[in-house]
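please find the sequence and the predicted model below.
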Amino acid sequence: MADIAGLAAGIAVGVGVLGPGIGVGIATAKAAEAIGRNPDAAGTIRTTLILGAALAEGLGILSFVLGILLWTKI
């Protein structure tokens, strides 16, 4: 039974971090493109990017905590 909990924890963390990782990568690319097109709006774009990245990384941390909880069978 312990093997199944470890597998579930690994899958939860792996899949849970995959989405935010891809999302932050796409957001960073689009922000760089937007700043390249309109350098005067760099401050606003950067602020929005940092806020979005923080929220996406929060989802990654949440999946990590879920994986730990599954691993310890809480």
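In hand now; what should we look at?

buried set for stretch 45-61?
Along stretch 45-61, these residues count as buried under the neighbour rule (16 or more other CB atoms under 10 Å): 45, 49, 53, 56, 60. Where you see a C-beta, it was placed from the backbone N, CA and C, and this is true even at glycine.

for those, give me TSV that also has distance to A8, secondary structure and pLDDT.
Compiled in TSV, the buried residues of stretch 45-61 are given as follows (distance: CB to CB, whole Å; DSSP: H, G, I helix; E, B strand; the rest coil; pLDDT from 0 to 100):
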residue	distance to A8	secondary structure	pLDDT
I45	39	helix	92
L49	33	helix	92
A53	28	helix	89
A56	23	helix	85
G60	17	helix	83
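
closest one to A9 out of these, please.
Top of the list for closeness to A9, among the buried residues of stretch 45-61 and by CB to CB, is G60 at 14.6 Å.

list the buried residues of the helix or strand A5 falls within.
Under the criterion DSSP states H and E, the helix or strand holding A5 is helix 2-37. Residues of helix 2-37 classed as buried: 9, 12-13, 16-17, 20, 23-24, 27, 31, 34-35 (neighbour count, 16+ other CB under 10 Å).

let me have those residues in a markdown table, extended by distance to W71 and pLDDT.
Output for those, formatted as a markdown table (distance: CB to CB, whole Å; pLDDT from 0 to 100):
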| residue | distance to W71 | pLDDT |
| --- | --- | --- |
| A9 | 4 | 78 |
| A12 | 9 | 79 |
| V13 | 9 | 83 |
| G16 | 13 | 82 |
| V17 | 15 | 85 |
| P20 | 20 | 85 |
| G23 | 25 | 87 |
| V24 | 25 | 89 |
| A27 | 30 | 91 |
| A31 | 35 | 93 |
| A34 | 40 | 94 |
| I35 | 41 | 93 |
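
thank you, goodbye.
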